[in-house]
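*Asks:* following is a predicted model, sequence given first.
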Amino acid sequence: MSGFVEKPEAVQVPGLVHLHTGKVRDLYQNEAGDLVMVASDRMSAYDWVLPTEIPDKGRVLTQLSLWWFGQLADIVPHHVISTDLPSGAPADWAGRTLICKSLRMVPVECVARGYLAGSGLLEYKASRTVCGLALPHGLTDGSELPAPIFTPATKAAVGDHDENVSYEDVARQVGAETAADLRQATLAVYSRARDTARERGIILADTKFEFGYDGDQLVIADEVLTPDSSRFWPAASWQPGRPQPSYDKQYVRDWLTSDASGWDRRSEQPPPALPEQVVDATRAKYLEAYELLTGLPWT
């Protein structure tokens, strides 16, 4: 069992129709048919949406995504129409709300990997492949790959886990032409972002994107290159052969699996609330990632 420990009630806003409550985002539709996407401060880990929020997380994800959309616009268009607050929306939606084009979404998590970690490392240890792609002998935790690879996954519902699939599976699901478009766009965006992050002392180990079609045009959607969707490592401390320090929810994961939490992730019991020090440390990492990548102070 997994999902929400405490599922929040949807905020009702005149003129907006609530469509979906996700792990982090709440989706609405306005009277023009546009998508209104609100990033919350919710935190998910191990397929659970936790009962404790991380202050400012929703604003960090939104503002960092906007910055990246600007950096990537010459490679692939994005879905953002406006950042204006919808009339009648709560004041705390400011800075965390995007009005976006309603796209025909492709049901694939488009993952790019430049380094070996996470589920890719587990598969490599078992078969020397990642998503069926053969990799050289001798790689270890944190190794840089010879070249970035496209390793798609299924898009899971809240409480379920994304599953890695092969490129051939994607081609069968969405068609060969769309699969090729997804791979090309994913690797092009990853390469630009990897180089941009590297200039700022950060390694972009892997990341995931979502794409949709606006008519016949492929458009990047949802969030991009945030600590929720990406594995960012400090370049100065990168050392293959061990887990890398990272700018993400690692503090949360480590505490949940420690004796201090008292939680067994293999049980059907929901995880406990996070202590203040874990909340503060996680928030600090998200803000640090934002400031290092954008070069802007958090306000």
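*Replies:* Done, it's in.
*Asks:* as a check, name the ranges of all helices in the stretch 1-150 of the chain.
*Replies:* Taking DSSP state H, counting those that start in this stretch as the criterion, the stretch 1-150 of the chain contains helices spanning 57-72, 118-127.
*Asks:* and the biggest strand by length in the chain, what does it pack onto?
*Replies:* Secondary structure assigned by DSSP state E gives strand 202-214 as the longest strand of the chain. Here strand 202-214 touches strand 104-105, strand 108-115, helix 176-199, strand 217-221, strand 230-234, helix 276-294, going by 3 or more CB pairs under 8 Å, 6 or more residues apart in numbering; DSSP states H and E. No exception for glycine: its C-beta is placed from N, CA and C like everyone else's.
*Asks:* so what strands line up beside the first one?
*Replies:* So that's strand 104-105. strand 202-214 (antiparallel) (DSSP bridges).
*Asks:* could you give the angle of the strand it pairs with to strand 230-234?
*Replies:* 160 degrees (axes from the mean of the first three to the mean of the last three CA atoms, to 10 degrees).
*Asks:* quick one: mean pLDDT for strand 202-214?
*Replies:* The pLDDT scores in strand 202-214 average 97.
*Asks:* circling back: in CSV: the helices and strands packed on strand 202-214, plus distance to Arg265.
*Replies:* Converted to CSV, the helices and strands packed on strand 202-214 look like this (distance: least, CB to CB, whole Å):
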stretch, distance to Arg265
strand 104-105, 30
strand 108-115, 22
helix 176-199, 30
strand 217-221, 30
strand 230-234, 20
helix 276-294, 16
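*Asks:* which regions of the stretch 1-150 of the chain lie under the pLDDT threshold?
*Replies:* 1-2 (pLDDT under 70).
*Asks:* one more time with 90
*Replies:* 1-3, 6, 46-47, 118-119, 131-132 (pLDDT under 90).
*Asks:* tell me the contacts of the residue nearest to Gly262 when sequence neighbours are not counted?
*Replies:* Nearest non-adjacent residue to Gly262, counting by CB to CB, 6 or more residues apart in numbering: Pro272, 6.8 Å away. Listed by CB atoms under 8 Å, 6 or more residues apart in numbering, the contact partners of Pro272 are 51, 261-263.
*Asks:* Lys23 against Ser44, yeah?
*Replies:* Yes. Counting by CB atoms under 8 Å, Lys23 touches Ser44, with 4.3 Å between them.
*Asks:* hmm, back to that, just the buried residues of the longest strand of the chain, please?
*Replies:* 202-212 (16 or more other CB atoms under 10 Å).
*Asks:* now it and strand 217-221, what's the angle there?
*Replies:* Using the same axes, to 10 degrees: strand 202-214 against strand 217-221 is 130 degrees.
*Asks:* chain center to strand 202-214: distance?
*Replies:* In terms of CA atoms, centre = their mean, to the nearest Å, the centre of strand 202-214 is set 8 Å apart from its chain centre.
*Asks:* hmm, back to that, now for the contacts of Pro272: which two are most distant?
*Replies:* Spatially, the most separated pair among the contacts of Pro272 is Pro51 and Gly262, at 14.5 Å (CB to CB).
*Asks:* more neighbours: which of the two?
*Replies:* Just comparing Pro51 and Gly262: by other CB atoms under 10 Å the higher neighbour count belongs to Pro51, 15 against 10.
*Asks:* skip the chain neighbours and tell me the closest residue to that one.
*Replies:* Per CB to CB, 6+ apart, closest to Pro51 is Val5, 4.4 Å.
*Asks:* what separates the one you found from Gln277, distance-wise?
*Replies:* Distance, Val5 to Gln277, using CB to CB, to the nearest Å: 20 Å.
*Asks:* same question for Gly212.
*Replies:* Gly212 is 39 Å from Gln277, by CB to CB.
*Asks:* so who does Ala221 touch?
*Replies:* 78-79, 100, 103, 105, 210-212.
*Asks:* Pro270 now?
*Replies:* 5, 48, 51.
*Asks:* which of Val5 and Gln277 has more neighbours?
*Replies:* For Val5 versus Gln277, neighbours defined as other CB under 10 Å are more numerous around Val5 (14 against 10).
*Asks:* how far away is the more buried one from Pro271?
*Replies:* 7 Å.
*Asks:* between those two, what contacts are shared?
*Replies:* Counting by CB under 8 Å, 6+ apart, the residues touching both Val5 and Pro271 are 48, 50-51.
*Asks:* just the residues you listed: which are in strands?
*Replies:* Trp48.
*Asks:* which among the buried residues of strand 202-214 gets closest to Val38?
*Replies:* Glu210 (16.6 Å).
*Asks:* so what's the closest one bridging to?
*Replies:* For Glu210, the beta-bridge partners under DSSP bridges are Ala221.
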